[in-house]
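Engineer: what's the 3D shape of this:
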Amino acid sequence: MENIGVTCDVCACCHNVDGCKCDLPQIKVTEQCNCTTQQVETPHYCQSYEEK
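Structural biologist: As a prediction, this is how the structure comes out:
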């Protein structure tokens, strides 16, 4: 997925800029949640997370 001004508030990630956006040119996101405990309508999980 191309990163076009993606908003991100995960400040613990080393790609996070000013606590609001991602500096990667491309990010990998999963759109389906296989968990049964937390059902969210349209969950999106970023796989490009890297700890600072």
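Engineer: all strands of this structure, in order?
Structural biologist: Applying DSSP state E to the chain gives strands spanning 16-17, 21-22, 29-30, 45-46.
Engineer: which residues touch the third one?
Structural biologist: Which is strand 29-30. M1, H44, Y45, C46, Q47, S48 (C-beta atoms under 8 Å, 6 or more residues apart in numbering). For the C-beta atoms, the positions are set from N, CA and C on the backbone; glycine is no exception.
Engineer: cutoff 7 Å now
Structural biologist: M1, H44, Y45, C46, Q47 (C-beta atoms under 7 Å, 6 or more residues apart in numbering).
Engineer: Repeat that for the second one.
Structural biologist: For strand 21-22, the external contacting residues (C-beta under 7 Å, 6+ apart) are N3, G5, V6, T7, C8, H15, N16.
Engineer: Give me the neighbour count for the closest residue in space to Q47 that isn't next to it in sequence.
Structural biologist: Nearest non-adjacent residue to Q47, counting by C-beta to C-beta, 6 or more residues apart in numbering: K28, 4.2 Å away. Counted with other C-beta atoms under 10 Å, the neighbours of K28 add up to 11.
Engineer: Phi, psi for K28 please.
Structural biologist: Main-chain dihedrals, K28, degrees, to the nearest 10: phi -110, psi 130.
Engineer: Let me see the contact set for it.
Structural biologist: Under the criterion of C-beta under 7 Å, 6+ apart, the neighbours of K28 are M1, Q47, S48.
Engineer: Most neighbours of all those, which one?
Structural biologist: Going by other C-beta under 10 Å, S48 tops the contacts of K28 with 16 neighbours.
Engineer: check contacts around that residue.
Structural biologist: Shown in contact with S48 (C-beta under 7 Å, 6+ apart): H15, L24, I27, K28.
Engineer: Okay, and the beta partners of the residue most central in space within the chain?
Structural biologist: Within the chain, the residue whose C-alpha comes closest to the C-alpha centroid is C46; the distance, by C-alpha atoms, centre = their mean, is 3.1 Å. Judged by DSSP bridges, the bridge partners of C46 are V29.
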